[in-house]
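In: the amino acid sequence is not available; the structure is as follows:
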């Protein structure tokens, strides 16, 4: 028995000795980076969340760096010896050990300038440790790049007696002032129809935006909508957005009814089936709907109230929230079959006069006065952005979105199966999915699911999401949204690591109206994403029963994004060398 115990002990001793030797070797390998010495030296440089080897390029003029030393420093000796050239105003801050030292700049550095941090050979350790050589760190500030100036308004329409805030914003704050003048044109006249509080503007250095206030003037005249067109002139230190001038509609009074969508759907099922219709949304109770009518101004004709094609029947009324669908009588059956259960959401009016061809302007009248236009009056829409031939246009949260001519051709026999579905019938839709991998990211940092609300939703918890991994079929609802409301036009992001994607997206991240965290967001770029309503699948990106590797919908290391007419994809692993979305060769389209 004693021999057996001795043998066991010897075996354990042998194993422990071997394990100790192995671990010692492992530790020695790690420590080869920092040889054992008592010399005072820099161990590591950190900048912008990354460890730096050598010099620092593209340093932010408002940035800071961290130097990690082998020993705690004697602050007096260290601060007397450290220099930065060219001369600049900076502050040093220390951790509890006095070995982690952060250099922060009290005033912005110059763009496109080379700087040098110097610490000559000397004694700087708190216990007398000395360096054996001079130390220098070179860093160069980033180039001055002109930001993009954009002009936007909180809404596209403004009514007499109301006010509208217009915002001028730049894509990135600068260390220089951005100055410019606003130009004003359109059918509305400044100081006759409206006032504006300032037209010569400066976005101060370090700021991102400035606002002005437009105040329409009240008069007793009943007028058709007028336009205020705002452009930019004399721009210094920025470039104007390619989107061009901003157009604002000045309207007499807030409407009780508005255009919501127009459509001329043809050949959607591979046949000559057609649906010509206009969709209106009722914003306030209307006791007498017959004071309203619709004109189709065909082929570039100038609108004329004498040409109103459709007037609501005498005695008709409408309630706030009603959705009105005026359809050509011969197309009514097609519309009911195409929109399926969604067709029940409409109050339907049939007419022989609904003959728009996709390049025609719609005009909404009240008591013979034009109160809203779809399209540009007096212009044939062929080739225009608003053309809806074999397509549709939909007003989302006050802004028109366009599927583009030909979008529905062979796109699907029903709206629910169409690649270019009319948005109203999908209160919530998938907008994008990502598995982005960028320089320095974790494997899960770029995994997100992006959605858009096409209508107001009072209780989002009726909806859910699931990831169908590896072509194994649906896994059912893996995530249920919280019981919150969202508004039409809201964008929702469900992210595995919200903080990481926020850093990658930068300022674009603020464009999401609701951000949620979900551990279930585990897709690998070849997995299908399912959207559920009351437990039933209502939309799928990809194919739940097929692994997406090598297929057109694969999004490994990349993204997929839904346009108005189809899904589009970034190149696989396209963000691998990027550090942020704005510098990526394949920026996420929502952020463009």
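Out: Good, I have the coordinates. Remember, it's a predicted structure, so these values are computed and weren't measured experimentally.
In: just the pLDDT for the closest residue to residue 256 other than its chain neighbours.
Out: Residue nearest to residue 256 in three dimensions, not counting chain neighbours: residue 284, with 4.2 Å by CB to CB, 6 or more residues apart in numbering. From N, CA and C alone the C-beta is placed, and that goes for glycine too. Turning to residue 284, the model gives it a pLDDT of 96.
In: residue 284 contacts residue 258, doesn't it?
Out: No. Counting by CB atoms under 8 Å, residue 284 stays clear of residue 258, with 10.4 Å between them.
In: what about those two, which has more around it?
Out: Using other CB atoms under 10 Å, the more surrounded residue of residue 284 and residue 258 is residue 258, with 17 against 12.
In: quick revisit: and the residue nearest to residue 256, how far from residue 430?
Out: Here the distance between residue 284 and residue 430 works out to 33 Å (CB to CB, to the nearest Å).
In: likewise for residue 513?
Out: From residue 513 across to residue 430, the span is 16 Å (CB to CB).
In: what about those two, which has more around it?
Out: Set side by side, residue 513 and residue 430 show more neighbours around residue 430, with 22 against 14, by other CB under 10 Å.
In: quick one: residues contacting that one.
Out: Neighbouring residues of residue 430 by CB atoms under 8 Å, 6 or more residues apart in numbering: 449-451, 529, 531, 539, 541, 562.
In: name the nearest residue to residue 372, ignoring sequence neighbours.
Out: In this structure, residue 372 finds its nearest non-sequential neighbour in residue 364, 4.3 Å apart by CB to CB, 6+ apart.
In: what helix or strand is that neighbour on?
Out: Residue 364 belongs to strand 361-366 when elements are defined using DSSP states H and E.
In: beyond that strand, next helix or strand please.
Out: Sequence-wise, the next helix or strand beyond strand 361-366 is strand 369-374, with elements assigned using DSSP H and E.
In: low-confidence stretches in this protein?
Out: For the chain, residues meeting the criterion pLDDT under 70 lie at 1-36, 222.
In: for it, what spans make up the helices?
Out: 2-31, 75-81, 332-339, 498-505 (DSSP state H).
In: re earlier: who does the strand holding residue 364 pair up with?
Out: Partners of strand 361-366 in the sheet, by DSSP bridges, are strand 292-297 (antiparallel), strand 369-374 (antiparallel).
In: could you pull out the buried residues of the last one?
Out: Neighbour-count burial for strand 369-374, counted by 16 or more other CB atoms under 10 Å, picks out 370-374.
In: want to try JSON lines for the residues you listed, with distance to residue 110 as columns?
Out: Below are the buried residues of strand 369-374 laid out as JSON lines (distance: CB to CB, whole Å):
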{"residue": "370", "distance to residue 110": "56"}
{"residue": "371", "distance to residue 110": "55"}
{"residue": "372", "distance to residue 110": "52"}
{"residue": "373", "distance to residue 110": "51"}
{"residue": "374", "distance to residue 110": "52"}
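In: of those residues, just say which sits nearest to residue 159.
Out: Taking CB to CB as the measure, residue 159 sits nearest to residue 371 out of the buried residues of strand 369-374, at 10.9 Å.
In: for the closest one, which non-adjacent residue is spatially closest?
Out: residue 364 (5.5 Å).
In: contacts only, for that neighbour.
Out: The neighbours of residue 364, taking CB under 8 Å, 6+ apart as the test, are 257-259, 280, 292-294, 370-373.
In: list the beta-bridge partners for it.
Out: Under the criterion used (DSSP bridges), residue 364 bridges to residue 294, residue 372.
In: residue 377: neighbour count?
Out: 16.
In: not counting sequence-adjacent ones, nearest residue to it?
Out: Leaving out its chain neighbours, the residue that sits closest to residue 377 by CB to CB, 6+ apart is residue 303, at 5.2 Å.
In: ok, back up a step: and the contacts of residue 430, which two are furthest apart?
Out: Pairwise distances across these (CB to CB) peak at 12.7 Å, for the pair 450 and 539.
In: comparing the two, which residue is more hemmed in?
Out: More neighbours surround residue 450 than the other of residue 450 and residue 539, with 22 against 17 (other CB under 10 Å).
In: please tell me how far the nearest residue to that one once chain neighbours are set aside sits from residue 541.
Out: Excluding the flanking residues, the one nearest residue 450 by CB to CB, 6+ apart is residue 432, at 3.7 Å. As judged by CB to CB, residue 432 and residue 541 stand 9 Å apart.
In: which residue ranges of the stretch 201-350 of the chain form strands?
Out: Ranges of strands within the stretch 201-350 of the chain are 209-216, 226-236, 239-240, 246-251, 257-266, 274-282, 292-297, 310-311, 323-328, 347-351, based on DSSP state E, counting those that start in this stretch.
In: got TSV for those strands, with distance to residue 191 too?
Out: As requested, the strands of the stretch 201-350 of the chain are exported to TSV (distance: least, CB to CB, whole Å):
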stretch	distance to residue 191
strand 209-216	11
strand 226-236	12
strand 239-240	25
strand 246-251	13
strand 257-266	29
strand 274-282	34
strand 292-297	31
strand 310-311	37
strand 323-328	38
strand 347-351	43
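In: which of those strands sits closest to residue 525?
Out: Minimum separation from residue 525 across these (CB to CB) falls at strand 257-266, 33.8 Å.
In: so that closest one versus strand 361-366, what angle?
Out: Counting by axes from the mean of the first three to the mean of the last three CA atoms, to 10 degrees, strand 257-266 lies at 150 degrees to strand 361-366.
In: other SSEs contacting strand 257-266?
Out: strand 274-282, strand 361-366, strand 369-374, strand 391-396 (3 or more CB pairs under 8 Å, 6 or more residues apart in numbering; DSSP states H and E).
In: circling back to that earlier point, I'd like the strands paired with strand 361-366 written out as a markdown table, with distance to residue 466 added.
Out: Below are the strands paired with strand 361-366 laid out as a markdown table (distance: least, CB to CB, whole Å):
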| stretch | distance to residue 466 |
| --- | --- |
| strand 292-297 | 43 |
| strand 369-374 | 38 |
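In: which stretch among those strands comes nearest residue 464?
Out: Ranking the strands paired with strand 361-366 by proximity to residue 464 (CB to CB) places strand 369-374 first, at 35.5 Å.
In: now do the contacts for residue 523.
Out: Neighbours of residue 523 in contact, by CB under 8 Å, 6+ apart: 433, 435, 447, 467, 469, 529.
In: still on that earlier bit, of the strands paired with strand 361-366, which is nearest residue 227?
Out: Nearest to residue 227, of the strands paired with strand 361-366 and by CB to CB, is strand 369-374 at 10.1 Å.
In: I'd like the distance from the closest one to the chain centre, please.
Out: Averaging C-alpha positions (CA atoms, centre = their mean, to the nearest Å) puts strand 369-374 31 Å from its chain's average.
In: contacts for it next, please.
Out: Strand 369-374 has contacts (CB under 8 Å, 6+ apart) with 222-225, 251-252, 255, 258-259, 262, 278, 303, 305, 361-365, 386, 393, 400.
In: rewinding a little: overlap in contacts of residue 432 and residue 541?
Out: The overlap between the contact sets of residue 432 and residue 541 (CB under 8 Å, 6+ apart) consists of residue 560.
In: what's the first-to-last distance across stretch 297-306?
Out: 11 Å (CA to CA, to the nearest Å).
In: what comes up buried for that stretch?
Out: For stretch 297-306, by 16+ other CB under 10 Å, it's 297, 300-301, 303.
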